[in-house]
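Asker: Take this sequence and fold it.
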Amino acid sequence: MPHESLHGRGATRNVTPTRFNLAERQADGDWLDQVEALDGITARRTSVTVEKPKSILTFNRSPDIGFDRSVNPYRGCEHGCIYCFARPTHAYHDLSPGVDFESRLFAKPDAAKLLHSALSRPGYDCAPIALGTNTDPYQPIEERWKITRSVLEVLAETKHPFTITTKSNRVLRDLDLIAPAAHEGLAAVAVSVTSLDPAISRTLEPRAPAGRKRLEAVRTLNEAGVPTLLAVAPVIPQITDHELETIVEAGAEAGARAGFYLPVRLPHEVAPLFRAWLDEHYPERAAKVMATIRSMRDGRDNDPDYFTRMQGYGPYADLLRTRFAKAAQQFGLGTGRTVLRRDLFRPPNERQMRLL
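Answerer: Residues are numbered from 1 along each chain as shown. I've put the predicted structure just below:
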């Protein structure tokens with residue numbers, strides 16, 4: 001993106017998704033190559049395209065993930081977290097996992113109808129549905145589109161168990177749906193807090209709510225009776241790792257029932273984007289950060305193997321594990337998961353979901 005301002009974005013550039021053969025435009029001497037000099041740098045605006053998938057439930061068989069199905073109301077995420085492992089999915093649309101991922105978004109307004117259809121199928125086997133596993137269900141555009149809320153309405157009417165993972169206090173808007181479900185043992189929320197330092201957050205996750213606001217969401221959710229977990233994710237060596245104990249203490253003080261941490265992962269195109277981000281914002285420690293990450297990933301930028309990809313291995317990974325365990329014990333933060341009920345589920349019928 002040579003001719004657009006990236007102010008307020010996480011990625012410092014657009015990378016070509018080479019795995020899917022998208023051609024990169026080369027300078028050829030036409031007027032586009034001089035547009036910056038002629039017109040000045042223009043701001044990159046967020047656009048939203050309606051996507052009409054044929055199904056909304058995504059199933060996985062990963063043995064190191066605590067759910068087997070999920071719903072993602074959006075593709076792409078305006079929060080702009082530079083470390084987001086979902087960035088490479090934008091390449092399937094011949095768009096860049098860089099700035100395109102956080103500025104050219106896709107919304108799925110038929111998500112509730114598709115979910116209604118999926119839950120109506122004969123023989124459907126109920127198990128918790130995870131929201132927020134790929135991109136954040138409470139990113140800024142949810143304020144207007146309200147797709148996540150429409151999905152929660154279907155889940156509430158069918159008494160279907162669900163979990164939500166988010167970096168946003170916008171989740172509190174739907175407390176009227178989440179709290180009653182939680183009281184019946186059908187809902188739990190995980191709030192991710194990466195850093196409490198505004199200077200770090202401004203570049204690391206530029207359009208996500210501040211860490212302190214997320215902690216207030218943890219407090220409000222727990223006061224409303226919603227089992228809420230603290231996710232210290234991801235932990236980035238030499239950037240956020242010094243905050244680990246502070247975040248655990250703050251999360252426990254806010255009432256989080258339990259918590260977990262994840263070391264940063266850099267799959268596919270995320271690695272070069274992350275390196276460029278380091279060079280822009282932390283050039284003096286970029287080499288050390290990457291060396292530490294590779295020490296947890298068998299000398300690679302990323303480890304795709306089950307289980308180790310979530311925890312890493314080696315001395316630094318062992319140190320993180322020990323630090324988190326000691327902090328959780330010291331501040332009274334549990335490490336277990338909430339078990340949700342499945343026996344209350346009732347399949348929808350044609351007379352239900354009148355709002356759809």
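Asker: how about the strands in this structure?
Answerer: Ranges of strands in the chain, per DSSP state E, are 4-5, 42-43, 47-50, 57-59, 69-71, 74-75, 104-107, 129-131, 162-166, 187-192, 228-235, 258-263.
Asker: For these, could you give me JSON lines that also reports distance to residue 247, mean neighbour count and mean pLDDT?
Answerer: Using the backbone N, CA and C atoms, a C-beta is placed for each residue, glycine as well. Formatted as JSON lines, these follow (distance: least, Cβ to Cβ, whole Å; neighbours: other Cβ atoms under 10 Å; pLDDT from 0 to 100):
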{"stretch": "strand 4-5", "distance to residue 247": "32", "mean neighbour count": "14", "mean pLDDT": "48"}
{"stretch": "strand 42-43", "distance to residue 247": "33", "mean neighbour count": "10", "mean pLDDT": "58"}
{"stretch": "strand 47-50", "distance to residue 247": "32", "mean neighbour count": "12", "mean pLDDT": "96"}
{"stretch": "strand 57-59", "distance to residue 247": "30", "mean neighbour count": "14", "mean pLDDT": "95"}
{"stretch": "strand 69-71", "distance to residue 247": "25", "mean neighbour count": "21", "mean pLDDT": "97"}
{"stretch": "strand 74-75", "distance to residue 247": "26", "mean neighbour count": "23", "mean pLDDT": "96"}
{"stretch": "strand 104-107", "distance to residue 247": "28", "mean neighbour count": "20", "mean pLDDT": "97"}
{"stretch": "strand 129-131", "distance to residue 247": "22", "mean neighbour count": "24", "mean pLDDT": "98"}
{"stretch": "strand 162-166", "distance to residue 247": "16", "mean neighbour count": "24", "mean pLDDT": "98"}
{"stretch": "strand 187-192", "distance to residue 247": "10", "mean neighbour count": "25", "mean pLDDT": "98"}
{"stretch": "strand 228-235", "distance to residue 247": "5", "mean neighbour count": "24", "mean pLDDT": "97"}
{"stretch": "strand 258-263", "distance to residue 247": "9", "mean neighbour count": "21", "mean pLDDT": "96"}
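Asker: out of those, which comes closest to residue 216?
Answerer: Closest to residue 216 of the strands of the chain, according to Cβ to Cβ: strand 187-192, at 9.8 Å.
Asker: who does the closest one touch, helix- and strand-wise?
Answerer: Here strand 187-192 is seen to pack against strand 162-166, helix 175-183, helix 211-223, strand 228-235 when contacts are counted using 3 or more Cβ pairs under 8 Å, 6 or more residues apart in numbering; DSSP states H and E.
Asker: Next, count neighbours for residue 335.
Answerer: A count of nearby residues for residue 335, using other Cβ atoms under 10 Å, gives 13.
Asker: In contact with residue 191, which residues are there?
Answerer: For residue 191, the contact set (Cβ atoms under 8 Å, 6 or more residues apart in numbering) comprises 166-167, 171, 214-215, 217-218, 221, 228-231, 256.
Asker: sorry, back to before: wait, which of the strands of the chain is closest to residue 292?
Answerer: strand 258-263 (9.5 Å).
Asker: what are the ranges of the helices in the stretch 201-350 of the chain?
Answerer: Per DSSP state H, counting those that start in this stretch, the stretch 201-350 of the chain carries helices over the ranges 211-223, 244-253, 270-281, 286-296, 308-311, 315-331.
Asker: weakest of these in terms of mean pLDDT?
Answerer: When the helices of the stretch 201-350 of the chain are ranked by mean pLDDT, helix 308-311 comes last with a mean of 88.
Asker: sorry, back to before: next, format the strands of the chain as TSV and append distance to residue 154.
Answerer: Listed next are the strands of the chain as TSV, based on distance: least, Cβ to Cβ, whole Å:
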stretch	distance to residue 154
strand 4-5	38
strand 42-43	37
strand 47-50	19
strand 57-59	12
strand 69-71	10
strand 74-75	17
strand 104-107	17
strand 129-131	10
strand 162-166	10
strand 187-192	13
strand 228-235	22
strand 258-263	27
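Asker: Of the ones you listed, which is nearest residue 205?
Answerer: Evaluated with Cβ to Cβ, the strands of the chain place strand 187-192 nearest to residue 205, the distance being 9.3 Å.
Asker: need the contact list for residue 323.
Answerer: Counting by Cβ under 8 Å, 6+ apart, residue 323 has contacts 244, 245.
Asker: now with 10 Å?
Answerer: Residues in contact with residue 323 (Cβ atoms under 10 Å, 6 or more residues apart in numbering) are 235, 241, 244, 245, 248, 261.
Asker: Quickly list what the last one is bridged to.
Answerer: Translated: residue 261. Using DSSP bridges, the bridge partners assigned to residue 261 are residue 232.
Asker: Was I right to think it contacts residue 231?
Answerer: Yes. Applying Cβ atoms under 10 Å, one finds residue 261 in contact with residue 231, separated by 7.5 Å.
Asker: Now list whatever residues contact both of those two.
Answerer: Taking Cβ under 10 Å, 6+ apart as the contact rule, residue 261 and residue 231 both touch residue 247.
Asker: if we can go back for a sec, let me have the contacts of residue 323 in a markdown table, extended by distance to residue 68.
Answerer: Formatted as a markdown table, those follow (distance: Cβ to Cβ, whole Å):
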| residue | distance to residue 68 |
| --- | --- |
| 235 | 26 |
| 241 | 31 |
| 244 | 30 |
| 245 | 33 |
| 248 | 29 |
| 261 | 23 |
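Asker: farthest-separated two in those residues?
Answerer: Of all pairs in the contacts of residue 323, the most separated under Cβ to Cβ is 241 and 248 at 12.3 Å.
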